[in-house]
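Trainee: The following block contains a protein sequence and its predicted model.
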Amino acid sequence: MFSFTAQLYLISLIAIVLVLTYAIRKARTNTLPFPPGPKPLPILGNLLDMPKFRPWDRFMEWRKQYGDIVHVTVFGRHIIILNSLEIARDLLDGRSAKYSSRAYNPMMHEPSLMDCEWVFAFRKSDEAWKRQRKLFVQHLGPSAVLSFHERQLDSAHAMLRLMLNHKTSDNLEESLKYNLSGLIMDVTYGYEVKPENDEFVELATTLTTRLTRALHPNFFAVNNFPWLKYIPAWFPGADFKTFAEEARKNAIAVRDITFEYCKAAIEAGMAKPSFVGNAILAASNGDETTDARRVQDIKEIASIMFVAGNDTTAGVLYACILALVLHPRVQKCAHAELDTVLGSPDSPNFRLPTHADRISLPYIDAIVKEVLRWWQPLPGGVTHCTTEDDIYRGFKIPKGSRVIANVWGIMHDETLFPQPNEFRPERFLVSKKEDITCDPALSGLFGWGRRICLGRPLAESSLWIQIASILAAFHLDPAKDETGKDIDVSYAFDREGFELHPIPFPCFITPRSKNATARILETATS
Ligand code: HEM
């Protein structure tokens, strides 16, 4: 046994070694350069270099100039832009423990403003976030999603009936979005959305818009100058305070009101199985404190599902319709494959697809993959934040850096996807062995590492059945102008913001046959 003095020496020695190692490491990190990037101005940093519109295009230019990893600053905040799949995977997947938090956003997180630190998708990677992720996976992971296939099918049929009435694309995106709202509310709460003007949908839609604005780096000055939070609400130009107050109430309403509806339905024995219903039933373990915390976790996580899942899924679906209008060849190949499985639309035996057909329809699967590659609803992903200093390829990446993976750039990287601007589902047909089969869903489209999108299984299977059903039932064609010529929709791409949607484009929606119309109408009563 060591004497007490010897133990004291040993402990002191270990402490000195640890302190020295830390100091040497820190000194070494401090002497390393940041990754390259455009030269910053004093105070503003690279504020003026950061484009408001299609920033991913500028990021790709920087890739040519500075390489796959770029460093900029804005008001002293470090921003690291990752322009290649390899680097994004190295850092965001491979070093996920350091790269998975979210940055402080004054508008969103300040108690005197929106006080929304609890909003799951934008909260720090703390203990509550870990607990809530676990809960989400338990009740909406890949196997749990199977139990919602029937609701997804009902939603796809409702969409076909909508499209039958639409004939053209006027307000189509809004209809698709509203229809998918019904699905997400049903899966989350077992709540049946009213045919129009549903108050819960309105609350959640308003919150989505408000969160998007709050998170935008330049929408509110307080996000760049946090001291503005001290300005009183009556002060001229302090409208952001009113916004914050309304958004805070809106977020609480979305969290609490729909949850209470679901709880009341469970207590009355009227509840349909749902994420919240299943989680509540599994929650009771007799310990009051744990139960209360669990209920709070369920409420909080449920309230993000609409916000995270509705516009994103609807945006991809709308973009898929655009892609199909622009590529009649793809529709033709899809129809040929569908007809071998579902019967020809001219035959009385023709039927609509179900999830069980997925295994026999690889081309439809390839279309879903290609649309996710061709069009990303979140082209810059959601920004991550580092929780420790790091060194990568000889560059320092300080703690607290905001890390943006340029998902659009990665999905249009011609070394990964030759002729990236072409819509060519064949690239994902394993049988054709064309290109490389780099699955967009596993390459950043749904995010990275510990932060990866939790709704991916639900989103992918919803998209699959919606796209397969549209293709089985309809022809989608460009609209004609007065002289009978196709109206060009090929430039219907641009819209700025946190999420990207095609701008409305004109098209004709025609049932493939009388049988197709009949099958669609039958779904209303079946
Ligand atoms: C095509 C549809 C969708 C796309 C493209 C998409 C994409 C994304 C992306 C890029 C992120 C950020 C990941 C990161 O930070 O690295 C994310 C996060 C998230 N998504 Fe999705 N998403 C979709 C649908 C859904 C759906 C349907 C739901 C819910 C039912 C959902 C729930 C979430 C949640 C809860 C998070 C936050 C994860 C976290 O911060 O830990 N998403 N999604």
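Mentor: Cool, got the structure.

Trainee: my guess is residue 106 contacts residue 227, does it?
Mentor: No: when contacts are counted by CB atoms under 8 Å, residue 106 is not listed as touching residue 227 (9.3 Å). Yep, even glycine has a C-beta here, placed from its N, CA and C like the rest.

Trainee: For those two, work out which one has more neighbours and name it.
Mentor: Neighbour totals were compared for residue 106 and residue 227, and residue 106 leads with 22 against 8 (other CB atoms under 10 Å).

Trainee: Now the nearest residue to residue 98 once chain neighbours are set aside, what are its backbone angles?
Mentor: In space, not counting the residues next to it along the chain, residue 98 is nearest to residue 388; the distance is 4.7 Å by CB to CB, 6 or more residues apart in numbering. Dihedral pair for residue 388: phi -150, psi 160, per degrees, to the nearest 10.

Trainee: so where's the stretch 351-500 of the chain uncertain?
Mentor: Scanning the stretch 351-500 of the chain for pLDDT under 70 picks out 431-437, 491-499.

Trainee: Near the ligand, which residues of it? Just list them.
Mentor: Residues of the stretch 351-500 of the chain lying close to the ligand (CB under 6 Å from any ligand atom) are 377-378, 381-382, 384, 445-448, 451-455, 458-459.

Trainee: Most widely separated two among those residues?
Mentor: By the measure CB to CB, these have their two most distant members at 384 and 458, which lie 22.5 Å apart.

Trainee: who has more neighbours, these two?
Mentor: In terms of neighbours (other CB under 10 Å), residue 384 is the more surrounded of residue 384 and residue 458; the figures are 28 against 25.

Trainee: My guess is that one contacts residue 97. True?
Mentor: No: Residue 384 is beyond contact range of residue 97, at 11.8 Å (criterion: CB under 8 Å).

Trainee: Walking through the stretch 401-526 of the chain, point out its helices one by one.
Mentor: Using DSSP state H, counting those that start in this stretch, the helices found in the stretch 401-526 of the chain span residues 407-411, 456-473, 514-522.

Trainee: The stretch 1-150 of the chain now?
Mentor: For the stretch 1-150 of the chain, the helices identified by DSSP H, counting those that start in this stretch occupy 4-31, 55-66, 85-88, 106-109, 127-140, 142-146, 149-166, in order along the chain.

Trainee: what's the last one packed up against?
Mentor: The reference is to helix 149-166. With contacts taken as 3 or more CB pairs under 8 Å, 6 or more residues apart in numbering; DSSP states H and E, helix 149-166 sits against helix 172-189, helix 456-473, strand 507-511, helix 514-522.

Trainee: try 10 Å
Mentor: helix 172-189, helix 456-473, strand 474-478, strand 507-511, helix 514-522 (3 or more CB pairs under 10 Å, 6 or more residues apart in numbering; DSSP states H and E).

Trainee: Could you single out the most deeply buried of those?
Mentor: Highest mean neighbour count of the helices and strands packed on helix 149-166: helix 456-473, a mean of 24 (counted as mean count of other CB atoms under 10 Å).

Trainee: Please save the CA atoms from that helix in PDB.
Mentor: Only the C-alpha atoms of helix 456-473 are listed here, as PDB (Å, rounded to 0.1, in the frame of the first residue of the first chain):
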ATOM      1  CA  ARG A 456     -37.400   9.700 -41.900                       C
ATOM      2  CA  PRO A 457     -39.200   6.300 -41.800                       C
ATOM      3  CA  LEU A 458     -42.600   8.100 -41.800                       C
ATOM      4  CA  ALA A 459     -41.700  10.600 -44.500                       C
ATOM      5  CA  GLU A 460     -40.200   8.000 -46.800                       C
ATOM      6  CA  SER A 461     -43.100   5.600 -46.600                       C
ATOM      7  CA  SER A 462     -45.600   8.400 -46.900                       C
ATOM      8  CA  LEU A 463     -43.800   9.800 -50.000                       C
ATOM      9  CA  TRP A 464     -43.600   6.300 -51.600                       C
ATOM     10  CA  ILE A 465     -47.300   5.600 -51.300                       C
ATOM     11  CA  GLN A 466     -48.300   9.100 -52.400                       C
ATOM     12  CA  ILE A 467     -46.000   9.100 -55.500                       C
ATOM     13  CA  ALA A 468     -46.900   5.500 -56.500                       C
ATOM     14  CA  SER A 469     -50.600   6.300 -56.200                       C
ATOM     15  CA  ILE A 470     -50.300   9.500 -58.300                       C
ATOM     16  CA  LEU A 471     -48.400   7.700 -61.000                       C
ATOM     17  CA  ALA A 472     -50.800   4.700 -61.000                       C
ATOM     18  CA  ALA A 473     -53.800   7.000 -61.400                       C
END
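
Trainee: How far away from the center of its chain is it?
Mentor: When C-alpha coordinates are averaged (CA atoms, centre = their mean, to the nearest Å), helix 456-473 and its chain have centres 16 Å apart.

Trainee: Taking the stretch 51-200 of the chain, what residue is nearest to the ligand?
Mentor: When scored by CB to the nearest ligand atom, the stretch 51-200 of the chain has residue 121 as its residue closest to the ligand, at 3.6 Å.

Trainee: For that residue, which residues are in contact?
Mentor: For residue 121, the set of contacting residues under the criterion of CB atoms under 10 Å, 6 or more residues apart in numbering consists of 102, 129, 211, 215, 301, 304-305, 307-308, 382, 447, 451, 453-454.

Trainee: neighbours around the residue nearest to residue 414 when sequence neighbours are not counted, how many?
Mentor: Across the structure, with CB to CB, 6+ apart as the measure, the residue nearest residue 414 apart from its sequence neighbours is residue 420 (5.3 Å). If you count neighbours by other CB under 10 Å, residue 420 ends up with 17.

Trainee: The ligand contacts on the stretch 101-250 of the chain?
Mentor: For the stretch 101-250 of the chain, the residues in contact with the ligand (CB under 6 Å from any ligand atom) are 120-121, 133.

Trainee: and for residue 384 and residue 97, which residues touch both?
Mentor: 125, 449-450.

Trainee: Check the offset of stretch 92-111 from the chain's centre.
Mentor: Average the C-alpha atoms of stretch 92-111, do the same for its chain, and the two points are 16 Å apart (CA atoms, centre = their mean).

Trainee: hmm, I was thinking of stretch 78-98
Mentor: For stretch 78-98, the distance between its averaged C-alpha position and the chain's averaged C-alpha position is 18 Å (CA atoms, centre = their mean).

Trainee: List the buried residues of the helix or strand residue 318 falls within.
Mentor: Using DSSP states H and E, residue 318 sits in helix 288-326. Going by neighbour count (16 or more other CB atoms under 10 Å), the buried part of helix 288-326 is 294-295, 297-326.

Trainee: Please apply the same query to stretch 36-46.
Mentor: Buried residues in stretch 36-46, counted by 16+ other CB under 10 Å: 37-38, 40, 45-46.

Trainee: same question, stretch 157-171
Mentor: 157-160, 162-164, 166, 169.

Trainee: Now it - C-alpha only, PDB.
Mentor: Provided in PDB are the C-alpha atoms of stretch 157-171 (Å, rounded to 0.1, in the frame of the first residue of the first chain):
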ATOM      1  CA  HIS A 157     -56.400   8.000 -51.500                       C
ATOM      2  CA  ALA A 158     -57.700  11.300 -50.200                       C
ATOM      3  CA  MET A 159     -55.100  13.100 -52.200                       C
ATOM      4  CA  LEU A 160     -56.100  11.200 -55.400                       C
ATOM      5  CA  ARG A 161     -59.700  12.400 -54.900                       C
ATOM      6  CA  LEU A 162     -58.400  15.900 -54.400                       C
ATOM      7  CA  MET A 163     -56.400  15.700 -57.600                       C
ATOM      8  CA  LEU A 164     -59.400  14.300 -59.500                       C
ATOM      9  CA  ASN A 165     -61.200  17.600 -58.700                       C
ATOM     10  CA  HIS A 166     -58.200  19.700 -59.300                       C
ATOM     11  CA  LYS A 167     -57.600  18.900 -63.000                       C
ATOM     12  CA  THR A 168     -54.900  21.600 -63.100                       C
ATOM     13  CA  SER A 169     -52.300  22.600 -60.600                       C
ATOM     14  CA  ASP A 170     -54.100  25.700 -59.200                       C
ATOM     15  CA  ASN A 171     -53.600  25.700 -55.400                       C
END
